[in-house]
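J.: Quick one, what's the 3D model for this:
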Amino acid sequence: ATITFKMPQPARQQVRRVVAGHSRQSKKQFFRPETFFVLLIFVIVIAWLSVFLGIYLPAANNNTTTSAEDTHHQLLKGSADNSAASGTEEDFPDHYLTFSTSCSASQNWQSFMLFFFAHKVNQPGDVIRIASGCSDEQKQKLEDFHESVIKKLSPNFHVHFTPDFTKISGDNYKYYNKPFGVRHFMTHWLKYDESNDRLKNSIIMILDPDMILLRPLTYDFTSSNVMIHRSERGPPKVKKVMHGQPWASLYAFGDGPFKQDLNYVFSNHTDSPALKATDDERRNNYPGGPPYMATGKDMWSIVSAWTELVPNVHHVYKHLLGEMYGWSLGAAHVGLPHTLAESFMISATQIGRGEGWQLIDALKDDEVCEYSVMKEYEDKLPYTMHFCQNYWLGKWFIGKYRLDSDFLKCDKTLLMEPPKDIAKQFDFYIKPGGKPYGVKEPVRPEVAKREAFMICQLISRFNDAAAWFKDTTCEEGTANHEKSFIFHHSLDPDNNEGGEKKAKW
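T.: Sure thing, here's the model as predicted:
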C-alpha cells in the first residue's frame with residue numbers, strides 16, 4: 001500500500017524556518033549536505049507522526065479550540081469514572097452534601113451551624129441547603145443572608161429553593177419536603193436528567209440540618225475507623241461508596257418499614273424486590289438514615305422510588321419516621337441494600353449499640369471536652385453529632401429547643417462553658433423544665449461521660465460559630481462575646497430559687 005502524505009501548512013512553514021536557519025548557519029560554517037538531508041527527513045517524520053497521532057501542538061492549528069466548559073466536563077467525567085465506579089484512588093469524585101429545611105428561623109440557625117462546621121472541617125465539594133416552602137419575603141432574606149454571610153465561609157456553599165411539598169397527599173406532613181426537595185434539587189440544580197454522564201459517578205449525601213460535622217465525610221472509608229454494622233452480606237470488600245453500594249447511618253427502627261401494609265405500599269408493584277428482601281436484609285441493610293450516601297446513579301434510583309412510595313407509606317404509617325421508612329422501602333424496591341455504619345453519628349447518649357458512642361467511651365478523660373479540628377483528634381471521633389436530643393449533667397444543659405432563634409444577635413451573650421472535668425463532678429442531672437423543678441435524676445458513669453461530651457462540644461462549637469458570626473456581621477464594638485448564659489437561675493444543684501428559667505438563649 002502507498003501512503004500519500006501532504007504536510008500541513010504550519011509544518012511546511014516550520015521546515016522552511018529550520019532550513020533557512022540551517023542555511024544561515026552554513027554561511028558561517030562548512031556546508032555539509034548530508035546534515036541538511038538528515039535534518040529535513042527528521043522534521044518530516046516528526047510532523048507526520050504528530051498529525052497522525054493527533055498530538056500536534058495546538059499552536060500549529062489555530063482552528064482547534066477547547067472551551068472551558070468542555071474541559072471541565074471531561075475532567076469531571078474522567079474523575080468520576082475512575083473513582084466511584086471503579087474504586088481506584090487516582091481521582092476524587094464530585095461530592096454534594098445536601099440537607100433539607102423549611103424557612104423557619106430555627107432551621108436558619110441550624111443551617112448556619114452545618115455550613116460553619118462544614119467549613120471548619122474542610123468538607124470537600126459542594127454543600128447545599130434545600131429550602132422548601134419559603135414565602136417571597138423569606139426567600140429574599142435568605143438569599144441576602146447567604147450572599148452576605150454563608151458565602152464568606154466558602155463559594156461552594158449554596159441554597160436551593162423548592163416549592164412546599166407538605167400537602168401533596170391532602171394532609172400536612174412536613175417531612176415530604178425531604179424526599180421531594182432532594183428530587184427537585186437533583187432535577188433543577190444538578191440537572192441530573194440532562195447531564196447523567198457527568199453526575200452518575202458523583203457522590204451525593206443527605207444530612208439533617210441539626211447535624212454538626214466532626215470530620216470530613218467522603219466516599220472513601222478505606223483507612224478510617226468507621227464501625228460497620230454486621231449483616232449476613234458481610235462488610236464491603238472495598239470500603240467506599242460505589243455503584244450498587246450505598247451507605248447510611250444505622251437507625252434503631254429495625255425492620256419496622258417491612259411491618260407495614262406492604263400490599264398497599266406496593267399496590268402498583270406487586271413483584272417488587274422489596275417484597276423478596278430477606279429477614280436479615282430487612283433488619284441489617286435497610287434501617288438506615290442520615291447521613292445517606294450514594295453515587296449519583298444510585299441516589300437518583302432511590303430518590304425516584306422514595307418519592308413514588310412515600311405517600312403510600314404515610315397513608316399506612318402517619319408517624320415521625322414515615323419518610324425514613326419510605327427511603328428504606330424505596331431502596332429495597334430498587335434492590336440497593338446498604339452498608340450501614342454505626343459511627344456516622346452520635347445522638348442518644350443512653351443507646352446501647354448502633355451509634356458511635358464506642359469511640360467517645362474510648363476517649364481519655366482530658367479529651368472529652370477538648371474542642372479541636374486537628375486531624376489526629378478528629379480521627380478518633382464519629383463523623384457527626386446529631387443534636388436532636390436534650391443533654392444534661394448537674395445543671396449544665398444544652399438542647400436546641402431551648403435556644404432562641406436570634407441567639408446569634410450582636411447583643412446576646414455567649415454560653416457559659418463547663419469545666420473540663422464535668423463528667424467526674426456529677427452523677428445526676430436536673431432538668432431545666434423538670435416538674436417538679438429541682439429533682440435530681442441519676443446518671444450512670446458511662447452515660448455521664450457521653451453527656452459531658454455533648455454538652456462540652458455543642459456549647460464550645462455554638463460559641464465558636466456565634467463569635468465568628470458576630471465578628472462578621474456586627475458593627476465594631478457591638479459584638480457581645482461574654483460567655484455567661486446558663487439555662488438555670490443558678491448552677492448550684494441545691495439552689496432552686498426562682499424555679500424554671502423561662503428565658504432562652
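J.: Give the rounded mean pLDDT of stretch 118-128.
T.: Averaged over stretch 118-128, pLDDT sits at 97.
J.: How about residues contacting it?
T.: 92, 94-99, 114-115, 153-154, 156-160, 185, 189, 203, 213-218, 373, 378, 464 (C-beta atoms under 8 Å, 6 or more residues apart in numbering). In this view, the C-beta of every residue, glycine as well, is placed from N, C-alpha and C.
J.: Now do it: distance to the chain's middle.
T.: Chain-centre distance of stretch 118-128: 7 Å, with C-alpha atoms, centre = their mean, to the nearest Å.
J.: What of stretch 230-249?
T.: Taking C-alpha atoms, centre = their mean, one finds stretch 230-249 lying 18 Å from the centre of the chain it belongs to.
J.: Ends of that stretch, what's the gap?
T.: Terminal residues of stretch 230-249 are spaced 13 Å apart (C-alpha to C-alpha, to the nearest Å).
J.: Residues in contact with that stretch: which ones?
T.: By C-beta under 8 Å, 6+ apart, the surrounding residues in contact with stretch 230-249 are 84-85, 87, 201, 203, 219-222, 224, 226, 228, 278, 280-281, 284-285, 288-295, 297-299, 302, 331, 336-342, 344-345.
J.: if we can go back for a sec, would you list the buried entries among the contacts of stretch 118-128?
T.: Among these, those classed as buried by 16 or more other C-beta atoms under 10 Å are 92, 94-99, 114-115, 153, 156-160, 185, 189, 203, 213-218, 464.
J.: Point out the ones among the residues you listed that are inside helices.
T.: Assigned to helices by DSSP state H, the following of these qualify: 114-115, 153, 464.
J.: Would you mind giving those as a markdown table with pLDDT and distance to residue 315 added?
T.: Rendered in a markdown table, the data for those read as follows (pLDDT from 0 to 100; distance: C-beta to C-beta, whole Å):
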| residue | pLDDT | distance to residue 315 |
| --- | --- | --- |
| 114 | 98 | 32 |
| 115 | 98 | 35 |
| 153 | 98 | 41 |
| 464 | 97 | 44 |
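J.: give me the low-pLDDT residue ranges for the stretch 201-350 of the chain?
T.: For the stretch 201-350 of the chain, no stretch is flagged by pLDDT under 70.
J.: quick one, strands of it?
T.: Using DSSP state E, counting those that start in this stretch, the strands found in the stretch 201-350 of the chain span residues 203-207, 211-213, 247-250, 288-295, 339-341, 345-346.
J.: any chance of those strands in JSON lines, with distance to residue 130 too?
T.: Shown next, in JSON lines, are the strands of the stretch 201-350 of the chain (distance: least, C-beta to C-beta, whole Å):
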{"stretch": "strand 203-207", "distance to residue 130": "9"}
{"stretch": "strand 211-213", "distance to residue 130": "14"}
{"stretch": "strand 247-250", "distance to residue 130": "18"}
{"stretch": "strand 288-295", "distance to residue 130": "13"}
{"stretch": "strand 339-341", "distance to residue 130": "23"}
{"stretch": "strand 345-346", "distance to residue 130": "19"}
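J.: Surely residue 466 is in contact with residue 414?
T.: Yes: counting by C-beta atoms under 8 Å, residue 466 touches residue 414, with 5.9 Å between them.
J.: Settle it for me: which of those two has more neighbours?
T.: Applying other C-beta atoms under 10 Å to residue 466 and residue 414 shows that residue 466 carries more neighbours, namely 25 against 21.
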